[in-house]
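**Student:** task: produce atomic coordinates for the following.
(one chain, ligands or ions: 5)
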Amino acid sequence: MGRVFLLAAWLLACAVLHHGACAAATGPVSAIAGSQKIACKLLSLTHPDHTFFEGSDNYKYETQTQYWSSTAYNTPACVFVPQNAQQLSFAVTTLTLTSTKFAVRSGGHMPVQGYNSIGSSGVLLSNSNLSTLALSHDHATVSVGPAYRWRDVYSYLQPYNLTAVGGRVGHVGVAGLLLGGGISFHSSQYGFAADNVVAYEAVLSSGLIVVAKADNAYSDLYWALKGGGNSFAIVTRFDLRTVPFYDSLTNSPTVFENFTSLKTVADQYAFGALATYISAVDALQPNGLRQDFRVASFMVNREGLSTVHDTFFGDANSQLADIAGLTASITFQPVTKGFIENGRSRGGSNPQGVDANNAPYFWIVQNLSWQNAGDDDTVRAFAKATIAKIEGTITSHGVAGGYLYMNDAGDGQPVFQSYPSANLRRLKDIRTKYDPFRIYTNLLVGGWKVLDA
Ligand SMILES: Cc1cc2nc3c(=O)[nH]c(=O)nc-3n(C[C@H](O)[C@H](O)[C@H](O)COP(=O)(O)OP(=O)(O)OC[C@H]3O[C@@H](n4cnc5c(N)ncnc54)[C@H](O)[C@@H]3O)c2cc1C
Ligand SMILES: *[C@@H]1O[C@H](CO)[C@@H](O)[C@H](O)[C@H]1NC(C)=O
Ligand SMILES: *[C@@H]1O[C@H](CO)[C@@H](O)[C@H](O)[C@H]1NC(C)=O
Ligand SMILES: *[C@@H]1O[C@H](CO)[C@@H](O)[C@H](O)[C@H]1NC(C)=O
Ligand SMILES: *[C@@H]1O[C@H](CO)[C@@H](O)[C@H](O)[C@H]1NC(C)=O
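**Tutor:** Ligands and ions are numbered 1, 2, ... in the order given. Sure thing, here's the model as predicted:
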């Protein structure tokens, strides 16, 4: 016990004296084996009501219930649930000074194993209680903490006839979606969800809490957070522009006539509010199955589309027939020129730097879900081989899209390598500036890291 208190005193002295100074002696950090026990002890001594260990209901809720894919369930040494940015900052400093690995989880929807969870060698930082939710006085922006899912944001804004540019499935987390870009039903009008963020409150690796905006001293960080993932800071609040709820009160506008005239197999077409729609379809993406995503992109082209479709379903039918509880689907996400251009005019440039000249694109996602851990290797090998085949096909048709969307990507896909090289260099410089000791690269495990590209 005495040792722990000594360490706590040193830790506080370090934090007070100079942010980051304590790590300076060693350069880039690496984890010390066994240190997670000390970190958990420090967190539970200082925040007993918000630190949880295996065996408690809160631990199970934070390590299982909050995740979409059961491949993410894990057994951290402890879970810390900060109540505000100051407590999160304290946790980052504690983990840094003890050289302990950790994972950060918000909505828990990223299905890449190890990208939002950690085992017994580390600590899970849960954002479940970072729950700011407030509309600005003039209703132009809404402040949202990473505790929230998009359904919460839409329901909150609905009484004001407002909404936000966010996810198309209600239980997806606000934080992860925004840090990778974010494809919305409104994207053709307003771009990436992240193009509509006006400010980020974030905890730097030094423990400092800052607000990054387009026109303040942290404008470089603001730019990086619009698609740079978790290498830069842990975001504790997003200020989002609100958008009007209805663009038109016309039901069945003629612009959709060629779509609404198709013969339907199932029909949910209706005029209604986004929050209502989201709550109706949320259940179609249940929690608790094993999941894998993988992406590719191509310029819209009929032959390319048919080949991608036929390749995926041909291979799925012939190779995955024996997989229990299998759902194999491929989503063609249309990305218009308006998406790219309107996003840029709303939010300025972003790290993704998607080329508008070759739009429209399809950003496709292979979605595979299955039941048993015993089938993990087979399904993942299929997913990898099939996306490689699809990439080969679109390249041979001369319609490769280049960009790989982070939030739908699978393990090992070269996401940052698909960003313009000047943007990647700028991301790396910004990362070095804000996190010289690589706390959010070496200790914060999981996620696409700019340093790996
Ligand atoms: C059913 C389903 C539907 C989807 N629909 C859409 C859609 O319509 N549009 C779209 O664009 N994407 C969609 N996605 C993809 C989604 O955007 C990503 O899975 C996203 O990462 C989810 O965010 P999260 O907060 O739930 O994720 P988490 O798994 O909690 O986090 C994802 C990553 O972000 C990091 N992170 C989390 N919180 C923070 C924080 N506060 N600060 C710094 N880093 C953090 C984590 O460490 C992790 O690496 C969908 C995914 C699923 C499963
Ligand atoms: C989250 O916040 C609520 C409301 O303040 C509180 O009752 C609860 O104990 C907190 N949960 C955790 C896990 O910290
Ligand atoms: C929202 O829109 C509806 C339908 O046009 C209208 O009846 C209602 O008064 C509006 N509410 C607010 C708060 O503006
Ligand atoms: C519907 O399709 C026809 C035939 O391709 C086309 O001429 C027409 O412009 C389309 N209508 C709309 C609203 O896009
Ligand atoms: C597949 O993934 C996309 C992208 O995240 C998502 O929008 C879609 O709902 C998923 N489809 C299925 C059937 O899971």
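
**Student:** part of a strand, is residue 333?
**Tutor:** Yes: Residue 333 forms part of a strand when assessed by DSSP: H, G, I helix; E, B strand; the rest coil.

**Student:** so it touches residue 184, yeah?
**Tutor:** No: contact criterion Cβ atoms under 8 Å: residue 333 and residue 184 do not qualify, at 10.8 Å. The C-beta positions use only the backbone N, C-alpha and C, and glycine is treated the same way.

**Student:** so for the two, which sits in the more crowded spot?
**Tutor:** residue 184 (25 against 17; other Cβ atoms under 10 Å).

**Student:** OK, contacts around the more buried one?
**Tutor:** Taking Cβ atoms under 8 Å, 6 or more residues apart in numbering, we find residue 184 in contact with 165-168, 190, 192-193.

**Student:** now, of those residues, which are buried?
**Tutor:** With burial judged by 16 or more other Cβ atoms under 10 Å, the buried subset of the contacts of residue 184 is 165-168, 190, 192-193.

**Student:** so can I have a markdown table of those showing pLDDT and secondary structure?
**Tutor:** Formatted as a markdown table, the buried ones among the contacts of residue 184 follow (pLDDT from 0 to 100; DSSP: H, G, I helix; E, B strand; the rest coil):
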| residue | pLDDT | secondary structure |
| --- | --- | --- |
| 165 | 98 | coil |
| 166 | 98 | coil |
| 167 | 98 | coil |
| 168 | 96 | coil |
| 190 | 98 | helix |
| 192 | 98 | coil |
| 193 | 98 | helix |
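
**Student:** tell me which of the residues you listed is nearest to residue 38?
**Tutor:** residue 167 (37.7 Å; Cβ to Cβ).

**Student:** excluding chain neighbours, what is closest to that closest one?
**Tutor:** If the residues on either side of it in the chain are set aside, residue 167 comes closest to residue 150, at 4.0 Å by Cβ to Cβ, 6 or more residues apart in numbering.

**Student:** can you report how many residues lie near the one you found?
**Tutor:** 28.

**Student:** isn't it up against residue 175?
**Tutor:** No: between residue 150 and residue 175 there is no contact under Cβ under 8 Å: 10.8 Å.

**Student:** now residue 404: how far from residue 390?
**Tutor:** Here the distance between residue 404 and residue 390 works out to 12 Å (Cβ to Cβ, to the nearest Å).

**Student:** shared neighbours, those two?
**Tutor:** Listed as contacting both residue 404 and residue 390 by Cβ under 8 Å, 6+ apart are residue 296.

**Student:** break the chain into its domains for me.
**Tutor:** The chain is divided into the following domains under automatic domain parsing: 2-130, 289-419.

**Student:** which stretch among these comes nearest ligand 2?
**Tutor:** Distance to ligand 2, taken as Cβ to the nearest ligand atom, is lowest for domain 2-130 among the domains of the chain, at 3.9 Å.

**Student:** do any residues in that closest one lie close to ligand 2?
**Tutor:** Yes: contact of domain 2-130 with ligand 2 (Cβ under 6 Å from any ligand atom) involves 50, 58, 81, 129.

**Student:** residue in the stretch 351-453 of the chain nearest to ligand 1?
**Tutor:** residue 447 (3.1 Å).

**Student:** check for me that that residue belongs to a strand.
**Tutor:** No: Residue 447: not assigned to a strand; according to three-state DSSP it is coil.

**Student:** pLDDT score assigned to it?
**Tutor:** On pLDDT, residue 447 comes in at 97.

**Student:** list the contacts of it.
**Tutor:** Residues near residue 447 by Cβ under 8 Å, 6+ apart: 110, 115-116, 229-231.

**Student:** where do the helices sit along this structure?
**Tutor:** 2-17, 35-46, 57-60, 85-97, 150-157, 174-180, 187-190, 219-225, 257-260, 274-281, 302-319, 337-347, 376-396, 421-434 (DSSP state H).

**Student:** so which elements touch the fifth one?
**Tutor:** So the one you mean is helix 150-157. Using 3 or more Cβ pairs under 8 Å, 6 or more residues apart in numbering; DSSP states H and E, the elements in contact with helix 150-157 are strand 133-135, strand 141-144, strand 162-164, helix 174-180, helix 274-281.

**Student:** summarise which helices and strands the last one is packed against.
**Tutor:** Helix 274-281 is packed against helix 150-157, with contacts defined by 3+ Cβ pairs under 8 Å, 6+ apart.

**Student:** and the helix it packs on, anywhere near ligand 5?
**Tutor:** No: Helix 150-157 stays clear of ligand 5 (Cβ under 6 Å from any ligand atom), getting no nearer than 11.8 Å.

**Student:** alpha carbons of that helix, in PDB - could you do that?
**Tutor:** Extracted as PDB, the C-alpha positions of helix 150-157 are listed here (Å, rounded to 0.1, in the frame of the first residue of the first chain):
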ATOM      1  CA  TRP A 150     -26.700   8.400 -33.000                       C
ATOM      2  CA  ARG A 151     -30.300   7.500 -32.000                       C
ATOM      3  CA  ASP A 152     -29.800   9.600 -28.800                       C
ATOM      4  CA  VAL A 153     -28.700  12.600 -30.800                       C
ATOM      5  CA  TYR A 154     -31.600  12.300 -33.300                       C
ATOM      6  CA  SER A 155     -34.200  11.800 -30.600                       C
ATOM      7  CA  TYR A 156     -32.800  14.800 -28.600                       C
ATOM      8  CA  LEU A 157     -33.000  17.100 -31.700                       C
END
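
**Student:** angle of that helix against helix 274-281?
**Tutor:** Here the directions of helix 150-157 and helix 274-281 differ by 150 degrees (axes from the mean of the first three to the mean of the last three Cα atoms, to 10 degrees).

**Student:** gap between helix 150-157 and the chain center?
**Tutor:** How far helix 150-157 lies from its chain's middle: 18 Å, per Cα atoms, centre = their mean, to the nearest Å.

**Student:** right, I'll leave it there.
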